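>>> Return a 3D structure for these sequence lines:
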Amino acid sequence: MASGRRSCKNKPDVFCYICGQYTLMANRNPVTNFVKRVYHSYFGMKLGDQDKLWTPHMVQSSHVFSVCGTVGIEHN
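Numbers count the residues shown, from 1 in each chain. All right, here's what the predicted structure looks like:
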């Protein structure tokens, strides 16, 4: 059995935390406190695992703005 650590073939930050789809560099936004608040308001659960290397730390810009309108939170 191999003793080396396994690693992902793809970097997790090229995927959106919300939908899991590949996201182009121009459409990526970091997960900020604002994004966490919007995520919690929309999904009713806290955005988690941000301390892990294997989880995406980016979201698509379009998700943030569309969810903001749905939950009635203004983006500054």
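>>> For this protein, just list every one of the strands.
28-30, 58-60 (DSSP state E).
>>> Low-confidence stretches in the protein?
1-8, 68-76 (pLDDT under 70).
>>> show me what contacts the most centrally placed residue in it?
Nearest to the geometric centre of the chain sits Tyr17, at 2.8 Å (C-alpha atoms, centre = their mean). Tyr17 sits next to Val31, Leu47, Thr55, Pro56, His57, Met58, Val59 when contact means C-beta atoms under 8 Å, 6 or more residues apart in numbering. C-beta here means a position set from N, CA and C on the backbone, and glycine is covered the same way.
>>> just to revisit the earlier point, got a markdown table for the strands of the chain, with mean neighbour count too?
Listed next are the strands of the chain as a markdown table, based on neighbours: other C-beta atoms under 10 Å:
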| stretch | mean neighbour count |
| --- | --- |
| strand 28-30 | 14 |
| strand 58-60 | 22 |
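>>> Export the ones you listed to JSON lines and append columns for distance to Arg37.
Formatted as JSON lines, the strands of the chain follow (distance: least, C-beta to C-beta, whole Å):
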{"stretch": "strand 28-30", "distance to Arg37": "14"}
{"stretch": "strand 58-60", "distance to Arg37": "13"}
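>>> Tell me which of these lies nearest to Val38.
strand 58-60 (9.3 Å; C-beta to C-beta).
>>> roughly how far out does the closest one sit from the chain middle?
In terms of C-alpha atoms, centre = their mean, to the nearest Å, the centre of strand 58-60 is found 5 Å from the chain centre.
>>> repeat for stretch 40-56
Stretch 40-56 sits 7 Å away from the centroid of its parent chain (C-alpha atoms, centre = their mean).
>>> now stretch 15-33
That offset, for stretch 15-33, works out to 5 Å (C-alpha atoms, centre = their mean).
>>> Return the set of buried residues in it.
Applying a neighbour-count criterion of 16 or more other C-beta atoms under 10 Å, one finds Phe15, Cys16, Tyr17, Ile18, Thr23, Arg28, Asn29, Val31 buried in stretch 15-33.
>>> and if you look at stretch 36-54?
Val38, Tyr39, Tyr42, Leu47.
>>> farthest-separated two in those?
For the buried residues of stretch 36-54, and using C-beta to C-beta, no pair is farther apart than Tyr42 and Leu47, which are 10.2 Å apart.
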